[in-house]
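Q: only geometry, no sequence info:
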């Protein structure tokens, strides 16, 4: 695996070695040695370093790269952890730095290598188990890749990370008792079967001394165990009760001892919620964003096979919608060719979310894909073509890996995708759903030539999974607006779920029935598609990867698009950073699919394809941003406020007779009074029910927030009697209510 270490590191004379033997105290010897002499190496003496060739020829186990002021490199070293909060934080850092990454020597940590310089000294942040080195330190290189892409320039990202790491210890907060809606046995089941279930069981059974590297004393074990409970349950009393049922319980585990730790855990969780609130608070003006979102016609389809597929699916659909047909065309091309072609060290797999209302013909995408692949097979053109159609349901991450072991390249059409994502993104997701979500997030970056999905070994051999080279999972997820956006809270941006998807949305009316629906694919389309399938299957058999080139004009377009992304990435809000983080690679993949469809033998992206792809991605970002601003994402505070605004807007459209059903007086209708009796309808909406607080309290909090923002005003009781002729609670719109 050492051959995976980037060439630009191996070209420098900054290599040392280490014996890697186990010392009498049980620790591994990592002291740096000169690869030529075997004597001690010094970070201040270049004469004690050597070339890569000298290090590779050395009999010593470990090969290390010495970081100095004279090279441009910095390394982030994320240590192994079982703390769910830290695991999430490490994942965010990993997703933030799109650069070469490899497993650390232990196989459980990670190294991120990039070009940047620390403004101060090296950082060793024990609280977050993150270390950052730029000089005077060597890093053991394994070549066991996590992400095989080129070493990137990440100075601005490093500065932002350093500022975050230097913010100090996590704050403690006053504990608030929130009764759990799940019983103790269910919390235990979740922990027992979680991804880190082995550690959970070891701690619960009191076997912490088996891992002295993680738990030098029982205090660290106590901290880890209670941290897991706090992650699975917001009920502090339940967390303490379950901790005392564990073998870690002892006299020291007083209420004060446990509550002190819980206060820090809840503080960390509150900080994460504050980050989400900041993400939402700093979005751009909605009027600017909405101007960028428009509809689509068949004239917008690209040239080549992608457009040909989309035109057939559109013309043969019972409810023809261009957006639906295009989503299917892109997804099918990615599912067939995502593994056979690469651009920028990445395969061409694609995640597409197709969002359209009920009854608008979303099922035409799945039907069109299946019809085309079956026709290629049935006409005896390419018998294996149907294998490019992947499963429609996944039970777990390991189940997905097993499928990839047999069929490493496919597109899956997932119906009711909003409900599926809601299950994966739920705070109560079970272990199968958590591993499946992790697998989907990882697979987005793993279809490149040098990428490998490493298998797993279990005590039950039937569950073992093998390594898969360049797995290509492309997804076409179908959902309605309500289910999709309700399923994805703001945290789905922070964990990288939404930025991975190209969202193609249709918001128009239900189209008229197509009298020409269901006609067979034309011969010329089948011939092109069969040739493409055969080409990709042959490439897989020969382990061949075709590189998609870019014309000079297309390069300029992508450079400008990348520069456009620099502004929100470097100085924008957290929302903008996350939404733009994968914009460039998504545009490259989409444009590459267009070029492959136009010329599978010698694909080169032209300027038109580059512009088309960048426009699609920009519209995607604009659409998602607009949804945030409208409060349509998730079931958080913004969603609840948006629902109340909609109710108020509907109130003024009701007739006088309809208003009387809600006990409105004539004066209310005349002067614009809104009775609380009417606003109570909000409690029936999903946003007010999917929460640990009761719906009445949530509505009160929402109205209070709108009053503080001067969007609505609560009428004083005396004024209500004198002006509106009622003793009921009355609201009127405020000066900041959206026009």
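A: The structure has been received and is ready for your questions. If you're wondering where the values come from, they're calculated on a predicted model, not measured in any experiment.

Q: and the lengthiest strand in the chain, which strands flank it?
A: Taking DSSP state E as the criterion, the chain has its longest strand at strand 472-479. Strand pairing for strand 472-479, using DSSP bridges, gives strand 351-356 (parallel), strand 409-414 (parallel).

Q: distance check, residue 250 against residue 668.
A: 64 Å (C-beta to C-beta, to the nearest Å). In this view, the C-beta of every residue, glycine as well, is placed from N, C-alpha and C.

Q: the two - which one has more neighbours?
A: Legend: neighbour count by other C-beta atoms under 10 Å for residue 250 and residue 668, higher for residue 668 (26 against 12).

Q: so which strand or helix has the more buried one?
A: Secondary structure from DSSP states H and E places residue 668 in helix 666-671.

Q: and that helix, what does it pack against?
A: helix 656-660, helix 717-724 (3 or more C-beta pairs under 8 Å, 6 or more residues apart in numbering; DSSP states H and E).

Q: one more pass at 10 Å, please.
A: Using 3 or more C-beta pairs under 10 Å, 6 or more residues apart in numbering; DSSP states H and E, the elements in contact with helix 666-671 are helix 656-660, helix 717-724, strand 730-733.

Q: just these: most buried one?
A: strand 730-733 (a mean of 22; mean count of other C-beta atoms under 10 Å).

Q: state the mean pLDDT of it.
A: Mean per-residue pLDDT for strand 730-733: 94.

Q: adjacent strands (with direction) for that strand?
A: Strand 730-733 has the following strand partners under DSSP bridges: strand 674-675 (antiparallel), strand 712-714 (antiparallel).

Q: wait, which of those is closest to residue 623?
A: Nearest of these to residue 623, taken as C-beta to C-beta: strand 712-714 at 28.4 Å.

Q: any idea of the mean pLDDT for the closest one?
A: Confidence for strand 712-714, expressed as mean pLDDT, is 92.

Q: same thing with stretch 554-574?
A: On average, stretch 554-574 scores 78.

Q: mean neighbour count added to the strands paired with strand 472-479, as TSV?
A: Compiled in TSV, these are given as follows (neighbours: other C-beta atoms under 10 Å):
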stretch	mean neighbour count
strand 351-356	26
strand 409-414	24
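
Q: quick one: which of the ones you listed is nearest residue 640?
A: strand 351-356 (21.6 Å).

Q: other SSEs contacting the next helix or strand after that closest one?
A: The helix or strand immediately downstream of strand 351-356 is helix 363-378, counting by DSSP H and E. With contacts taken as 3+ C-beta pairs under 10 Å, 6+ apart, helix 363-378 sits against helix 305-316, helix 322-337, strand 351-356, strand 409-414, strand 472-479, helix 523-541.

Q: now do the buried residues in helix 363-378.
A: The neighbour-count check on helix 363-378 (16 or more other C-beta atoms under 10 Å) flags 364, 365, 366, 367, 368, 369, 371, 372, 373, 375, 376, 377 as buried.

Q: low pLDDT regions in the stretch 401-550 of the chain?
A: The stretch 401-550 of the chain contains residues with pLDDT under 70 at 426-428, 455-465, 486-495.

Q: could I get the full set of helices for it?
A: 417-425, 431-443, 481-487, 491-494, 523-541 (DSSP state H, counting those that start in this stretch).

Q: now do the buried residues in the longest one.
A: Within helix 523-541, the residues scored as buried using 16+ other C-beta under 10 Å are 525-526, 528-537, 539-540.

Q: right, and out of those residues, which lies closest to residue 190?
A: residue 540 (38.9 Å).

Q: residue contacts, that closest one?
A: 339, 340, 408, 409, 469, 470, 472 (C-beta atoms under 10 Å, 6 or more residues apart in numbering).

Q: quick one: the last one from residue 527, how far?
A: Relative to residue 527, residue 472 is positioned 24 Å away (C-beta to C-beta).

Q: kindly report the same for the fourth one.
A: In this structure, residue 409 and residue 527 are 21 Å apart, going by C-beta to C-beta.

Q: about what we covered before: residues in contact with the helix holding residue 668?
A: By C-beta under 10 Å, 6+ apart, helix 666-671 touches 651-652, 654-656, 659-660, 662, 665, 673-675, 678, 715, 720, 722-726, 728, 730, 732.

Q: report the mean per-residue pLDDT for the helix or strand containing residue 646.
A: Element membership for residue 646 (DSSP H and E) is helix 637-651. Helix 637-651 shows a mean pLDDT of 84.

Q: what's it packed up against?
A: Using 3+ C-beta pairs under 10 Å, 6+ apart, helix 637-651 is in contact with helix 255-281, helix 607-629, helix 656-660, strand 674-675, helix 676-679, helix 695-708, strand 712-714, strand 730-733.

Q: next, the buried residues of it.
A: So for helix 637-651, counting by 16+ other C-beta under 10 Å, buried means 637, 638, 639, 640, 641, 642, 643, 644, 645, 647, 648, 651.

Q: do stretch 139-147 as well
A: Per 16+ other C-beta under 10 Å, stretch 139-147 contains these buried residues: 139, 140, 141, 142, 144, 145, 146, 147.

Q: enumerate every residue touching residue 558.
A: Applying C-beta under 10 Å, 6+ apart, we find residue 558 in contact with 344, 550, 584, 587, 588, 591, 605, 610, 611, 613, 614.

Q: what's the most distant pair in those?
A: 344 and 611 (17.8 Å).

Q: ok, back up a step: how about the buried residues of helix 523-541 in a markdown table, adding distance to residue 389?
A: Converted to a markdown table, these look like this (distance: C-beta to C-beta, whole Å):
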| residue | distance to residue 389 |
| --- | --- |
| 525 | 17 |
| 526 | 16 |
| 528 | 18 |
| 529 | 13 |
| 530 | 15 |
| 531 | 18 |
| 532 | 15 |
| 533 | 11 |
| 534 | 16 |
| 535 | 18 |
| 536 | 14 |
| 537 | 14 |
| 539 | 19 |
| 540 | 16 |
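
Q: of all those, which comes closest to residue 348?
A: residue 536 (10.4 Å).

Q: pretty sure the closest one contacts residue 334?
A: No: using C-beta atoms under 10 Å, residue 536 is not in contact with residue 334, being 11.1 Å away.

Q: rebuild the strands paired with strand 472-479 as TSV, extending it with distance to residue 485.
A: Below are those laid out as TSV (distance: least, C-beta to C-beta, whole Å):
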stretch	distance to residue 485
strand 351-356	8
strand 409-414	16
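
Q: among those strands, which is nearest residue 265?
A: Between these, strand 351-356 lies closest to residue 265; by C-beta to C-beta that is 32.6 Å.

Q: what's the angle between the closest one and helix 607-629?
A: When axes from the mean of the first three to the mean of the last three C-alpha atoms, to 10 degrees is applied, the directions of strand 351-356 and helix 607-629 differ by 60 degrees.

Q: strand 351-356: how far from the chain's middle?
A: 15 Å (C-alpha atoms, centre = their mean, to the nearest Å).

Q: what do you get for stretch 391-400?
A: That offset, for stretch 391-400, works out to 18 Å (C-alpha atoms, centre = their mean).

Q: many thanks, we can stop here.
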